[in-house]
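Asker: okay, structure incoming, though there's no sequence with it:
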Ligand SMILES: O=C([O-])C(=O)C[C@H](O)[C@@H](O)C(=O)[O-]
Ligand SMILES: [Mg+2]
């Protein structure tokens, strides 16, 4: 049977997803975070799905793009990226991203962050039409499961204003004992074997003590600390010296490639980043200065699964390692992350994922971590199914919001608990 893979319809559904009060150097996660679900439907009734950031600045270009797709082939992904997609430059000029933690803001990055969800939806639709998993469309998996690390956060017991669902079951984690207890619980539930602590929240001595406590509790397990650029070069070098014996890598200890290069020159601890190398244009300086030894890919802002593979190939050529960054995301993105990660030969670090923190999802069946790994789906497309009732429920929450939560703002969420809070001037310590 010849299939008609002409795009007939594109559906965009912004949603608000419950998020626990996880702390970072900019503030705290809002009770609900915006995501955008993209569905691309072909003339023969095949539907592909994708997911990206749902803040207003992404919704606007996503809507413009959606209008231009009917009549194009879902197979024409190169053509999708060649479309001249206008974005509102003022949305990114001098702006920090949601949470302030994903590096430079540019019109091109905004564009890629939108296109990525459409690319994933096209690949999902292609896979469904051809009866092939997405990893096969990317050249084939080189592993059957992908390892993820436990993403540890300092956190409050509940959101200051509470939520309809009440406090989450995780409780507070504000000191080394709380972080170790959280790590034990994540390991008990999901079997994670490596641990990343989101730092930059408390003075470095407290975070050093937390990592030391983790090293004692989980001897020999890979550990990472990520203060999102909150430290000076001197502080970064001090932390690296104190934790060098237990860290797999230190992630974005300080801001900017020149400062990262200074730190890298003064320590043997590998430096990882999802802040100073977040676009292809930033690679040359960082790699030639040997500023980073591991790049955290993220298909959302690098522009999709194929670009993630390009990034991995460049890293391999320069002998730079690859890991994977995550922001609050749902199962569609976890499936996409797992497919692409399964095809990257030189992936030697467990990937990050916020998924264990998400109690809600838009899939009919949640993806599972077993022994800290997600099995690579082998069904057609992404191998996951949309739960339309849940999608509608989370969309209703978005529609009923007065606008306060539609654009993620960790500093504003922090002010609910600490009035007068402003994102700190960097370096904070
Ligand atoms: O590795 C990272 O830098 C992140 O995951 C950034 C995120 O925004 C994280 O800090 C968060 O969710 O608060
Ligand atoms: Mg990071």
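Answerer: Ah, there it is. Since the model is a prediction, treat every value here as computed from it, not as a measurement. Numbering: from 1, shown residues only. Ligands and ions are numbered 1, 2, ... in the order given.
Asker: can you map out the helices along the stretch 1-150 of the chain?
Answerer: Assigned by DSSP state H, counting those that start in this stretch, the stretch 1-150 of the chain shows helices spanning 56-68, 77-82, 107-130, 134-137.
Asker: looking at the first one now, give me its mean pLDDT.
Answerer: Across helix 56-68, the average pLDDT comes to 97.
Asker: same question for the longest one.
Answerer: Model confidence over helix 107-130 averages 97 on the pLDDT scale.
Asker: that helix packs against which elements?
Answerer: If contacts are counted by 3 or more Cβ pairs under 8 Å, 6 or more residues apart in numbering; DSSP states H and E, helix 107-130 sits against strand 32-42, strand 47-53, helix 56-68, helix 77-82, helix 134-137, helix 299-302, helix 305-318, helix 331-343. For the C-beta atoms, the positions are set from N, CA and C on the backbone; glycine is no exception.
Asker: does the second one reach ligand 1?
Answerer: Looking back up the chat, that one is strand 47-53. No. Using Cβ under 6 Å from any ligand atom, we find that strand 47-53 stays clear of ligand 1, coming within 11.0 Å at best.
Asker: which parts of the stretch 51-200 of the chain sit against ligand 2?
Answerer: Taking Cβ under 5 Å from the ion, no part of the stretch 51-200 of the chain reaches ligand 2.
Asker: output the below-cut-off pLDDT ranges for the stretch 51-200 of the chain.
Answerer: Applying pLDDT under 70 to the stretch 51-200 of the chain flags the ranges 94, 96-100.
Asker: quick check, the residue in the stretch 101-250 of the chain closest to ligand 2?
Answerer: For the stretch 101-250 of the chain and ligand 2, the shortest gap (Cβ to the ion) falls at residue 226, measuring 4.2 Å.
Asker: could I get the phi/psi values of the nearest residue to that residue once chain neighbours are set aside?
Answerer: Once flanking residues are discounted, residue 226 sits nearest to residue 251: 3.6 Å by Cβ to Cβ, 6 or more residues apart in numbering. Dihedral pair for residue 251: phi -100, psi 130, per degrees, to the nearest 10.
Asker: okay, and the beta partners of residue 251?
Answerer: residue 272 (DSSP bridges).
Asker: which residue ranges make up the domains of the chain?
Answerer: 7-135+387-401, 138-375 (automatic domain parsing).
Asker: out of those, nearest to residue 408?
Answerer: domain 7-135+387-401 (3.7 Å; Cβ to Cβ).
Asker: between the two ends of the closest one, how far is it?
Answerer: Chord length of domain 7-135+387-401, first to last residue, is 31 Å (Cα to Cα, to the nearest Å).
Asker: how about stretch 129-139?
Answerer: Terminal-residue distance, stretch 129-139 (Cα to Cα): 17 Å.
Asker: so which strand or helix has residue 261?
Answerer: If you go by DSSP states H and E, residue 261 is part of helix 257-265.
Asker: neighbouring contacts of that helix?
Answerer: Applying Cβ atoms under 8 Å, 6 or more residues apart in numbering, the external contacts of helix 257-265 come out as 233, 236-237, 240, 250, 252-254, 271, 273, 276-277, 282, 285-286, 289-293.
Asker: please repeat the previous calculation with a cut-off of 10 Å.
Answerer: 229, 231-237, 239-240, 250, 252-254, 256, 269-273, 275-277, 282, 284-293, 427 (Cβ atoms under 10 Å, 6 or more residues apart in numbering).
Asker: PyMOL command for the buried members of the residues you listed?
Answerer: Buried subset of those, written as a PyMOL selection, criterion 16 or more other Cβ atoms under 10 Å:
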select buried, resi 229+231+232+233+235+236+237+239+240+250+252+253+254+256+269+270+271+272+273+275+276+277+282+286+287+291+292+293+427
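Asker: restricted to helices, list the contacts of helix 257-265.
Answerer: Cross-referencing these against helices under DSSP state H gives 233, 234, 235, 236, 237, 239, 240, 284, 285, 286, 287, 288.
Asker: and the pLDDT at the fifth one?
Answerer: On the pLDDT scale, residue 237 is placed at 99.
Asker: now the last one
Answerer: pLDDT recorded at residue 288 is 98.
Asker: wait, doesn't it sit right on residue 318?
Answerer: Yes. Counting by Cβ atoms under 10 Å, residue 318 is a contact partner of residue 288 at 8.8 Å.
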